[in-house]
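Q: quick check, what structure comes out for this input:
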Amino acid sequence: MDRYGMGRFISELRRKRGLTQEALGERIGVTGKTVSRWECGTYMPDLSALEALSKIFSVSIDEIIAGKRQTSNEVITIAENAQASPAGSTSTFSANDRLRYFKRKWLRDHTADIAVHALSAAAVTVAYAVFVSAETSAVFGFFAALTVYLIDRHRMMSYAETRSFPENSKK
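A: Numbering: from 1, shown residues only. Below is the predicted model:
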């Protein structure tokens, strides 16, 4: 994917509609600075923003990612490639891209939970050191932290996999 080509295309579409970066950002739910970063190629829009851009500008997500309008032959090729994909997915994004996106989304949404879990593990370790055994509290703390990490990691991976591969989660 060419971030710079995509950014130029978004800028071109925005200007044709007579929208400022701030106005486009308001319609999508992001700041004007974020739109500027997309147009400069510094950042790429996430999936929800790509869907919103597609609707606002009446273009396909494939066209936004390609950074240009596509001819009918190119659209047919993309559709054929989507049908040939292993999971039958019509997404432009690879399985790894989808998985990475949903992992980051889960981490953003659950940062406070993770902090609470880490503080709880630390508090339990301190309580163990004070009331049971100071000598073995480091080992206990390690296993408490490891358990919390593994539980949160499992929750994140379950979330990411069910959203990245919805066709597999319905079985």
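
Q: can you tell me the closest non-neighbouring residue to the residue nearest to the spatial centre of the chain?
A: Nearest residue to the geometric centre of the chain (CA atoms, centre = their mean): Tyr101, 2.6 Å. Of all residues not flanking Tyr101 in the chain, Leu47 sits nearest, at 6.2 Å (CB to CB, 6 or more residues apart in numbering). The C-beta positions use only the backbone N, C-alpha and C, and glycine is treated the same way.

Q: okay, now that neighbour: neighbour count?
A: Neighbours of Leu47 under the rule other CB atoms under 10 Å: 16.

Q: which parts of stretch 124-139 are buried?
A: Buried residues in stretch 124-139, counted by 16 or more other CB atoms under 10 Å: 124-125, 128-129, 137.

Q: check stretch 53-64 too.
A: Going by neighbour count (16+ other CB under 10 Å), the buried part of stretch 53-64 is 53, 57, 59-64.

Q: now distance to Gln70 and secondary structure too, for those residues, in a markdown table please.
A: Shown next, in a markdown table, are the buried residues of stretch 53-64 (distance: CB to CB, whole Å; DSSP: H, G, I helix; E, B strand; the rest coil):
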| residue | distance to Gln70 | secondary structure |
| --- | --- | --- |
| Leu53 | 15 | helix |
| Phe57 | 14 | helix |
| Val59 | 9 | coil |
| Ser60 | 7 | coil |
| Ile61 | 11 | helix |
| Asp62 | 7 | helix |
| Glu63 | 5 | helix |
| Ile64 | 10 | helix |
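
Q: distance to Thr20 and pLDDT added to these, as JSON lines?
A: JSON lines is the format used below for those (distance: CB to CB, whole Å; pLDDT from 0 to 100):
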{"residue": "Leu53", "distance to Thr20": "15", "pLDDT": "92"}
{"residue": "Phe57", "distance to Thr20": "15", "pLDDT": "92"}
{"residue": "Val59", "distance to Thr20": "19", "pLDDT": "90"}
{"residue": "Ser60", "distance to Thr20": "24", "pLDDT": "87"}
{"residue": "Ile61", "distance to Thr20": "23", "pLDDT": "86"}
{"residue": "Asp62", "distance to Thr20": "26", "pLDDT": "84"}
{"residue": "Glu63", "distance to Thr20": "22", "pLDDT": "87"}
{"residue": "Ile64", "distance to Thr20": "19", "pLDDT": "88"}
